[in-house]
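>>> Sequence first, then the predicted structure, then my questions.
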Amino acid sequence: DTEVTQTPKHLVMGMTNKKSLKCEQHMGHRAMYWYKQKAKKPPELMFVYSYEKLSINESVPSRFSPECPNSSLLNLHLHALQPEDSALYLCASSRGQVYGYTFGSGTRLTVV
Amino acid sequence: GESVGLHLPTLSVQEGDNSIINCAYSNSASDYFIWYKQESGKGPQFIIDIRSNMDKRQGQRVTVLLNKTVKHLSLQIAATQPGDSAVYFCAEIVSYDKVIFGPGTSLSVIP
């Protein structure tokens, strides 16, 4: 298995809803990442987990809450989002710094 | 601040021609660079990488060139095909586990 699987593929949520994005990989990668990508823009790093511990938080608002239950799973919990949070949320995993990332196909999130 | 940028936001090429996508970076301490391809509705896909101790690296139909003197990176695609149409990002490893992406170049292949 050489893929990163993200669910759901599409999500529409209201500003008062609570939802979660899920990411899974079975490649034994030790690092997992959340990126946010707006239309026609590059991915922007949000969070990095290394060996299941949060190692980087790029000053992301607390309405985004990451969780890494085990080495294969990464969640992003969403609460009280704003319409400007609508974007493609990408998960990635990596064996390490110099091996590049494997990205999932993303969750297209729309906040209404 | 740190930035990775591209000279051309869009590029149109005739099928069969070679494509060259450029990227400028500003962090002279970076020692690892990656090119990604992103097709519509998909996540970025690794194409090729290069370390700072190299000037050139070749893959299948792709070549990456690194000029550390002027902090410039390029991706060359030989015999461009319609399936090469996508947005291409250069990316720079600025620190352990932190990757910065350039703004991207949209490549359109004309049949």
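Sure, I can see it.

>>> List the residues that contact the spatially most central residue of chain A.
When CA atoms, centre = their mean is applied to chain A, the residue found nearest the centroid is residue A:34 (3.2 Å). Contacts for residue A:34 (CB atoms under 8 Å, 6 or more residues apart in numbering or on different chains) come out as A:23, A:45-47, A:64, A:66, A:74, A:76, A:89-91. Quick note: C-beta positions are derived from backbone N, CA and C, even for glycine.

>>> how about 6 Å then?
Neighbour list for residue A:34: A:46-47, A:76 [criterion: CB atoms under 6 Å, 6 or more residues apart in numbering or on different chains].

>>> And those, which is closest to residue B:38?
Nearest to residue B:38 among these: residue A:46, at 17.4 Å, using CB to CB.

>>> Could you find the closest non-adjacent residue to the closest one?
Excluding the flanking residues, the one nearest residue A:46 by CB to CB, 6 or more residues apart in numbering or on different chains is residue A:34, at 4.4 Å.

>>> I'd like the distance between the one you found and chain B.
Computed as CB to the nearest CB, to the nearest Å, the residue A:34 to chain B distance reads 12 Å.

>>> do residue A:105 as well
According to CB to the nearest CB, residue A:105 stands 5 Å off from chain B.

>>> just residue A:38 next, same as before
Distance from residue A:38 to chain B, by CB to the nearest CB: 12 Å.

>>> So residue A:52 is in contact with residue A:68, correct?
Yes: with contact defined as CB atoms under 6 Å, residue A:52 reaches residue A:68; the gap is 4.8 Å.

>>> In terms of neighbours, single out the busier of these two.
residue A:68 (18 against 15; other CB atoms under 10 Å in any protein chain shown).

>>> Now for the more buried one: which residues touch it?
Counting by CB under 6 Å, 6+ apart, the residues that residue A:68 touches are A:49, A:52, A:74.

>>> pretty sure the first one is in a strand, no?
Yes: counting by DSSP: H, G, I helix; E, B strand; the rest coil, residue A:49 is found in a strand.

>>> can you pull up the bridge partners for it?
Assessed by DSSP bridges, residue A:49 has beta-bridge partners residue A:32, residue A:54.

>>> That one and residue A:61: what is the separation?
18 Å (CB to CB, to the nearest Å).

>>> Mind telling me what element the residue nearest to residue A:46 is part of?
Here residue A:34, judged by DSSP states H and E, is contained in strand A:31-37.

>>> how far out from the middle of the chain is that strand?
When distances are taken as CA atoms, centre = their mean, to the nearest Å, strand A:31-37 is centred 5 Å away from the chain's centroid.

>>> how many neighbours does the closest residue to residue A:51 other than its chain neighbours have?
In space, and not counting its chain neighbours, residue A:51 is closest to residue A:30: 5.5 Å by CB to CB, 6+ apart. Neighbourhood size, residue A:30 [other CB under 10 Å]: 14.

>>> Many thanks, have a good one.
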